[in-house]
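> below is the structure, and that's it, no one-letter string:
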């Protein structure tokens with residue numbers, strides 16, 4: 001198969017995912033289940049099928065970790081982001097039922113899924129004990145860069161005191177990302193709330209944002225590896241994260 005055909009098929013798949021309706025029930029499935037006291041919920045990136053996690057060994061790596069948890073993957077497609085309903089739908093359909101079964105619930109997202117994990121944890125900290133952001137999308141670059149430069153000039157996210165702009169409308173959350181960064185800043189200052197772990201590739205095109213966030217976190221909560229914005233890098237970062245088992249502490 002030619003690389004042009006592969007690219008065309010990939011674009012077709014992405015286009016279909018962008019058109020999916022947020023009225024669909026959230027589809028979730030267990031990859032690892034053993035009645036443990038913790039569960040990790042995976043959120044895929046833009047246009048990614050949930051099956052990509054299993055294809056890249058996420059379940060196997062977790063089962064081999066020092067403190068294994070159950071593992072669930074959610075088909076949190078772009079429609080839920082587009083219509084600004086992901087946190088409420090994830091809370092109602094996935095996280096609330098899990099809270100009744102597990103002592104600890106962690107959200108793990110790659111790329112856009114990382115953004116979704118942070119967005120949900122900021123909205124519903126009562127249902128989330130921790131998040132792992134793997135190469136996360138953290139806002140449209142041209143809108144976020146001036147703000148990030150202000151953060152750097154102030155000495156880092158853990159020192160930045162604002163102001164943080166408020167969100168003008170729910171569907172503006174992609175371009176008006178400062179409310180999310182306000183929550184990230186609270187994590188950097190170790191205020192009460194879900195624990196935040198960041199993992200990213202040093203050659204990722206978004207790494208300039210990741211570094212600013214990572215510089216404000218404790219060293220134990222940041223994983224950096226050489227790699228680009230790809231599933232190979234996501235999988236390598238995940239293997240490092242699970243060996244540290246942040247959900248154990």
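Cool, got the structure. Because the structure is a prediction, the values reported are computed rather than measured.
> got a list of what residue 210 touches?
By CB atoms under 8 Å, 6 or more residues apart in numbering, residue 210 lies in contact with 135, 136, 138, 198, 200, 204. Placement of C-beta: from N, CA and C, glycine included.
> what's the closest non-adjacent residue to residue 30?
residue 72 (5.3 Å; CB to CB, 6 or more residues apart in numbering).
> out of the contacts of residue 210, who's nearest residue 79?
Closest to residue 79 out of these is residue 136 (19.4 Å), distances taken as CB to CB.
> look up how far residue 23 lies from that closest one.
Distance of residue 136 to residue 23, given as CB to CB, to the nearest Å: 26 Å.
> same question, residue 56
The gap separating residue 56 from residue 23 is 30 Å, by CB to CB.
> compare these two and say which is more crowded by neighbours.
residue 56 (18 against 9; other CB atoms under 10 Å).
> next, the most centrally placed residue in the chain: phi, psi?
The residue lying closest to the centre of the chain (CA atoms, centre = their mean) is residue 114, at 1.5 Å. Note on residue 114: its backbone torsions stand at phi -70, psi -40 [degrees, to the nearest 10].
> mind giving me the packing neighbours of the host helix or strand of residue 79?
Per DSSP states H and E, residue 79 falls inside helix 78-82. Judged by 3 or more CB pairs under 8 Å, 6 or more residues apart in numbering; DSSP states H and E, helix 78-82 is in contact with helix 3-18, helix 86-90, helix 112-123.
> mean pLDDT lowest where, among these?
Mean pLDDT is lowest for helix 3-18 among these, at a mean of 44.
> and the helix or strand just after it, how far out from the chain's middle?
Next in sequence after helix 3-18, counting helices and strands by DSSP H and E, comes strand 28-32. Computed by CA atoms, centre = their mean, to the nearest Å, the chain-centroid distance of strand 28-32 equals 17 Å.
> other SSEs contacting strand 28-32?
Looks like strand 28-32 contacts helix 58-63, strand 70-74 (3+ CB pairs under 8 Å, 6+ apart).
> next, the buried residues of that strand.
Within strand 28-32, the residues that count as buried by 16 or more other CB atoms under 10 Å are 28, 31, 32.
> name the residues that touch it?
For strand 28-32, contacts defined as CB under 8 Å, 6+ apart pick out 41-42, 50, 53-54, 58-59, 62-63, 68-75, 93-94.
> by mean pLDDT, which helix or strand of the chain comes out lowest?
helix 3-18 (a mean of 44; mean pLDDT, DSSP states H and E).
> tell me which of the buried residues of strand 28-32 is nearest to residue 179?
The nearest member of the buried residues of strand 28-32 to residue 179, counting by CB to CB, is residue 28 at 26.5 Å.
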